[in-house]
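Chemist: pasting the structure only:
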């Protein structure tokens, strides 16, 4: 199953101020794909794919130790 970018999820809210966003870059064979998700933390829990998107972010953040890297900036 693939996860569509936020613009393709019908119930995704389009907020523009005071939000963060996530972008995932995925390599499939020789092509790169980018998926963008604007304000994922502010979406209602009922929004399709929200839980999977944030779970993927949390896993990557933990595995790559991003909190520690961000603090060094």
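Modeler: Ah, there it is. The model shown is predicted, which means the values in this text are computed figures rather than measured ones.
Chemist: quick one, helices of the chain?
Modeler: Counting by DSSP state H, the chain has these helices, from start to end: 50-63, 66-71.
Chemist: distance from the longest one to the middle of the chain?
Modeler: Which is helix 50-63. For helix 50-63, the distance from its own C-alpha centre to the chain's C-alpha centre is 8 Å (CA atoms, centre = their mean, to the nearest Å).
Chemist: who touches that helix?
Modeler: Residues external to helix 50-63 that are found in contact with it (CB atoms under 8 Å, 6 or more residues apart in numbering): 3, 22, 24, 37, 40-41, 43-45, 66-67. Using the backbone N, CA and C atoms, a C-beta is placed for each residue, glycine as well.
Chemist: same deal with stretch 26-43?
Modeler: 3-7, 12-16, 19-25, 50, 53-54, 57.
Chemist: one more pass at 7 Å, please.
Modeler: With contact meaning CB atoms under 7 Å, 6 or more residues apart in numbering, stretch 26-43 is reached by 3, 5-6, 12-15, 19-25, 50, 53-54.
Chemist: so how far is the first residue of it from its last?
Modeler: Stretch 26-43 stretches 23 Å from its first residue to its last (CA to CA, to the nearest Å).
Chemist: which residue of the chain lies farthest from its centroid?
Modeler: Going by CA atoms, centre = their mean, the residue of the chain most distant from its centre is residue 72, 22.7 Å out.
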